[in-house]
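J.: After the sequence you'll find the predicted model.
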Amino acid sequence: MPNQFLESFRGKSICILGYGREGMSTHRFLHKVVEDVDISLADERSDHRPLFPVNHYYSGPDYLKSTTRFDIVIKSPGIPLAKLPEYKRSTKLSSQTEIFLKSFPGTVIGITGTYGKSTTSSLVHNLLSSQRDDVHLLGNIGIPPLDVIESTSAGSLAVFEMSSHQLQHGEVSPDVAVFLNLHPEHLDYYGSFEAYQSAKQRIAAFPRCKMFIYNSGYSAARDWPSPEVRRVSFSGTDLDSDYSVVNGQAFYRGSLIGDLPSNKALQGSHNEANIAAALAACAALDFDPKPLISQLEHFKPLPHRMQFIGEFSSRRFYDDSASTAPEATLAAVRALSPLDTLIVGGMDRGIELHEFCRNLAQHQIGSIIGVPQTGHNIIEILKANDADFNLISAENLEAAVREALFRTPESGVCLFSPGAASYNAFSNFVQRGNAFRSYLTASSTAR
């Protein structure tokens, strides 16, 4: 599958920067597809076993310094640009995302936003797969895009969940760009909200993009693409948008498309916005949204995203560990309100919490249990403003679960929605959500 972009790699010295799942995928692809390349690896860890022979393997605390000696550096998303040394002008900084978008022969729907990316990407994939074969779900959701590219053709469709890290560099966009929302996040990585927003904007900034689907609640986003890109708006509240889903009904420019299944698993106005975005994305590829609506009955929410995990000691528990931003927690609270118990908190990344606390105070919640670090800050802010909740600071998540079983009345509802990253206690939100379930099982059995 050679193309002009891949041909430009021939005869070059290449450094794969970061050798996790995506770095290994890149190594596998280049080894198989590109001839006459000199590949080296750079990773802080020294215990990786390269999949194929490499020229050099740089590791240790100074591994980033080695990257200045190559023609091309292919960076993994988790390594901040700010940490990289200055390159000579001849060095090209690339990524697996750029390689995929410049090599994939079919049509790409790229989906980004602070939250809702995985749910919306999975939903679009589910809806499209009900209508045709050869639809691939890729990207930040955990499937490196280069793992499937060799089995695709001009008729293939790719649904690509795109994080800001994947969008941060490489001058290429997907064919259809979907923007869900934007809230302060990853400020420790970018240094400012403006830099984070700038990374998101790149999803519709470059020539491959032909259609931009955006949340009408973020009207400024309409100006992100160039004038020739077609704009389509969506909303979970506004019937004036091109596509909207409000109170269980789907609309196109104010005209009813149809009623959503009453037993659909996705609940809350934030998920109605996600459904509206998904219908708009499918319509962008000329799929009629009306027959797609019935497919929502069969869609199952992804784990750790407002997932009902069962009754423990006659109390109902929801796992929303994927909530890493305060706005995501507010959306979950709105969907399940009134709540008996909310467990909130995680790693402090410098996000301002007073507005979140003011919004939280408007909801009916019996008890709020905060875990380090941000959960304790939230508890203190709420106490200082005489919020009408039972407020508890727990030592850790395990202690918070014990408190929740004690504070939540029988037949009551408890939501675990951290609104913060997990890295102060867990490696990722999946490990955190699994721990939440384990603590529940152990604590409820002991009662």
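T.: Right, received. Where do you want to start? Numbers count the residues shown, from 1 in each chain.
J.: List the contacts of residue 140.
T.: 77, 117, 118, 161, 162, 163, 166 (C-beta atoms under 8 Å, 6 or more residues apart in numbering). The way it works is simple: take the backbone N, C-alpha and C, and place the C-beta from them, glycine included.
J.: let's go with 10 Å and repeat that
T.: Counting by C-beta atoms under 10 Å, 6 or more residues apart in numbering, residue 140 touches 22, 77, 97, 111-112, 117-118, 121, 160-167.
J.: from the residues you listed, which would you call buried?
T.: Buried members of the contacts of residue 140, scored by 16 or more other C-beta atoms under 10 Å, are 22, 77, 97, 111-112, 117-118, 121, 160-167.
J.: pretty sure residue 300 contacts residue 263?
T.: No - using C-beta atoms under 10 Å, residue 300 makes no contact with residue 263, being 11.9 Å away.
J.: More neighbours: those two, which one.
T.: More neighbours surround residue 300 than the other of residue 300 and residue 263, with 10 against 7 (other C-beta atoms under 10 Å).
J.: In terms of secondary structure, what does the helix or strand of the chain with the lowest mean pLDDT contact?
T.: In the chain, the helix or strand scored least confidently by mean pLDDT, DSSP states H and E is helix 187-190, which has a mean of 75. Packed against helix 187-190 by the contact rule (3 or more C-beta pairs under 10 Å, 6 or more residues apart in numbering; DSSP states H and E) you find helix 164-167, helix 193-201.
J.: which helices and strands sit right next to the last one?
T.: The reference is to helix 193-201. Counting by 3+ C-beta pairs under 10 Å, 6+ apart, helix 193-201 packs on strand 107-112, helix 164-167, strand 176-179, helix 187-190.
J.: neighbours around residue 349, how many?
T.: Quick note: residue 349 (other C-beta under 10 Å) scores 19 neighbours.
J.: With the one 4 residues further on instead?
T.: Residue 353 has 18 neighbouring residues, counting by other C-beta under 10 Å.
J.: right, and it touches residue 326 too?
T.: Yes - counting by C-beta under 10 Å, residue 326 is a contact partner of residue 353 at 6.7 Å.
J.: overlap in contacts of those two?
T.: 360, 374, 378, 419, 420.
J.: Distance check, the residue nearest to the fourth one when sequence neighbours are not counted against residue 243.
T.: When you say that, I think you mean residue 419. Spatially, and ignoring its direct neighbours in sequence, residue 419 is nearest to residue 329 (3.5 Å; C-beta to C-beta, 6 or more residues apart in numbering). Separation of residue 329 from residue 243 (C-beta to C-beta, to the nearest Å): 26 Å.
J.: which residues sit in contact with residue 34?
T.: With C-beta under 10 Å, 6+ apart, residue 34 has these contacts: 2, 6, 7, 8, 9, 10, 11, 12, 14, 99.
J.: And the buried ones among these, selectable in PyMOL?
T.: Burial among those is assessed by 16+ other C-beta under 10 Å; the matching PyMOL selection reads:
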select buried, resi 6+9+14+99
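J.: Let's have the contacts of residue 34 in JSON lines, adding pLDDT.
T.: Listed next are the contacts of residue 34 as JSON lines, based on pLDDT from 0 to 100:
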{"residue": "2", "pLDDT": "56"}
{"residue": "6", "pLDDT": "88"}
{"residue": "7", "pLDDT": "90"}
{"residue": "8", "pLDDT": "90"}
{"residue": "9", "pLDDT": "92"}
{"residue": "10", "pLDDT": "92"}
{"residue": "11", "pLDDT": "93"}
{"residue": "12", "pLDDT": "94"}
{"residue": "14", "pLDDT": "96"}
{"residue": "99", "pLDDT": "95"}
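J.: show me the contacts for the most centrally placed residue in the chain.
T.: Nearest to the geometric centre of the chain sits residue 117, at 4.3 Å (C-alpha atoms, centre = their mean). Residues in contact with residue 117 (C-beta under 10 Å, 6+ apart) are 110-111, 139-141, 161-163, 178, 180-181, 274, 322.
J.: Looking at those residues, spot the one nearest residue 439.
T.: residue 322 (17.5 Å; C-beta to C-beta).
J.: neighbours around the closest one, how many?
T.: 26.
J.: Likewise for the one 4 residues further on?
T.: For residue 326, the neighbour count with other C-beta under 10 Å is 26.
J.: ok, it to residue 112 distance?
T.: 19 Å.
J.: Pull the number of nearby residues for residue 391.
T.: 15.
J.: just to revisit the earlier point, can you name the two of the contacts of residue 34 that are farthest apart?
T.: 11 and 99 (16.9 Å).
J.: List the buried residues of stretch 407-427.
T.: Within stretch 407-427, judged by 16+ other C-beta under 10 Å, the buried ones are 407-408, 412-422, 425-426.
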